[in-house]
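> Take this sequence and fold it.
(one chain, ligands or ions: 1)
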Amino acid sequence: MSNAMTGGPRRIAGDGAVVARAPAKVNVHLRVGPLRPDGFHELSTVYLAVSLFDTVTARPGEGIALTVRGEGSAAGQGPASVPTDRRNLVWQAAELLARHAGVAADAHLDVDKSIPAAAGLAGGSADAAATLVALDALWGTRATRGDLAGLAAQLGSDVPFSLMGGVALGTGRGEQLSPVLARRRCDWVLGIAGEGLSTPTVYGELDAMRTDGTAAPHAEGAGDAAEPVIAALRSGPTSALAATLTNDLQAPAVRLRPELRRALQAAAEAGARAAVVSGSGPTVAALAEDEDAAVRLAASLAGAGVFRTVRAVHGPVPGARLVG
Ligand code: C5P
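Numbering: from 1, shown residues only. Sure thing, here's the model as predicted:
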């Protein structure tokens, strides 16, 4: 299948701009297995794409030029942490796709970030996935969905999911995906902290806690344990989903950021059905009964003074695709 993400003709505006957007994710289930020789941990995770999006605009240009605005940018909200050079996954995605397609890496890329950086929401991965989709269209590379997924996996463990969206079971280091047909809507409030957390640091803390006995060793046969959360995402009451939320990275994130304990407690006191740290944190994902409850929960958590900002979101939503 060519131009898999566009679902139709290439959409290029008058100035030659192509716009793509990609969602944030929450891990509703995250079991961390052993550390592998390549430095990654074996995972069993259930990803859920939620309605908080970053947008990448690609325009014809010579060489790669990159601007970033919004969350994590020098002029935006939150600590400025997003690089605008080759260290940015957007830049790496452009170079990788150009090499794959045998075209010159010529594009001006503007990233508009709503997903906070280093928050456990796969913001950088969303930007990389949106870049692959935008540049596939801009350059007319006619990459297949499989081609783009292969490139995504080279960029980072979460990038294939940012491309796919919806709900998926992730294994390997998170990049091997099995899509899950789950149309049931769920509503969340994301509680976003002032400072980000480094993903490798959180994984390292979990290893240290397992060595000193302060965290349980990884569970054998962790893949099977994802079944209840998948069933709860497919159908059933919010309470069933609430009962299945798990994240092995929560304990190390809380040890590194003790104030997360208060944040999780604040979510419970404000009426969340359940609350869990998203990925490697420090974002707290608080599950609400429905959309109205999420709006009320967001208002209450905004006033609790434990988060820099809060966002009411819902899932599942589609992965990276062209807009406009
Ligand atoms: O793949 P990604 O670039 O997102 O991974 C960032 C870091 O997170 C890795 O270098 C590794 O330290 C840690 N990680 C891990 N096991 C995974 C995914 C990430 O240890 N499955």
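> tally of neighbours for residue 51?
15 (other C-beta atoms under 10 Å). For glycine as for every other residue, the C-beta is placed from the backbone atoms N, C-alpha and C.
> Can you confirm whether the helix or strand where it lies lies near the ligand?
Per DSSP states H and E: residue 51 is located in strand 41-59. Yes. Residues of strand 41-59 contacting the ligand under C-beta under 6 Å from any ligand atom: 41, 43.
> which secondary structure elements does that strand contact?
Judged by 3 or more C-beta pairs under 8 Å, 6 or more residues apart in numbering; DSSP states H and E, strand 41-59 is in contact with strand 18-35, strand 107-113, helix 123-139, helix 159-164, strand 167-171, strand 186-192, helix 227-234, strand 309-315.
> Work out the gap between it and the centre of the chain.
In terms of C-alpha atoms, centre = their mean, to the nearest Å, the centre of strand 41-59 is found 3 Å from the chain centre.
> picking up where we left off before, out of the helices and strands packed on strand 41-59, which comes closest to residue 210?
Closest to residue 210 of these is strand 18-35 (C-beta to C-beta; 9.0 Å).
> ok, now which ones touch the residue positioned nearest the centre of the chain?
With distances taken as C-alpha atoms, centre = their mean, residue 122 lies nearest the centre of the chain, 2.8 Å away. By C-beta atoms under 8 Å, 6 or more residues apart in numbering, the residues touching residue 122 are 24, 25, 115, 158, 161, 162, 279.
> again, only using 6 Å
Taking C-beta atoms under 6 Å, 6 or more residues apart in numbering, we find residue 122 in contact with 25, 158, 162.
> Neighbour-wise, give me the winner out of the residues you listed.
Neighbour max across the contacts of residue 122 (other C-beta under 10 Å) = residue 25, 33 neighbours.
> average pLDDT for the helix or strand just after the strand holding residue 51?
Using DSSP H and E, the next helix or strand after strand 41-59 towards the C-terminus is strand 64-70. Averaging pLDDT along strand 64-70 gives 96.
> now strand 64-70, how far from the centre of its chain.
With C-alpha atoms, centre = their mean, you get 19 Å for strand 64-70.
> what's the answer for stretch 255-264, then?
So, by C-alpha atoms, centre = their mean, the centroid of stretch 255-264 is 21 Å from its chain's centroid.
> List the contacts of that stretch.
Residues from elsewhere that reach stretch 255-264 (C-beta under 6 Å, 6+ apart): 191, 205, 254, 275, 282, 284, 306.
> circling back: distance-wise, check the residue nearest to the centre of the chain relative to residue 314.
Distance from residue 122 to residue 314, counting by C-beta to C-beta, to the nearest Å: 17 Å.
> same deal with residue 184?
As judged by C-beta to C-beta, residue 184 and residue 314 stand 11 Å apart.
> Specify which residue of these two has the higher count of neighbours.
residue 314 (17 against 14).
> thinking again about what came up before, top of the contacts of stretch 255-264 by neighbour count?
Ranking the contacts of stretch 255-264 using other C-beta under 10 Å puts residue 191 first, with 31 neighbours.
> what sits against that residue?
Residues counted as contacts of residue 191 (C-beta under 6 Å, 6+ apart) are 263, 284, 301, 307, 310.
> Return the subset of those residues lying in helices.
Counting by DSSP state H, the part of the contacts of residue 191 found in helices is 263, 301.
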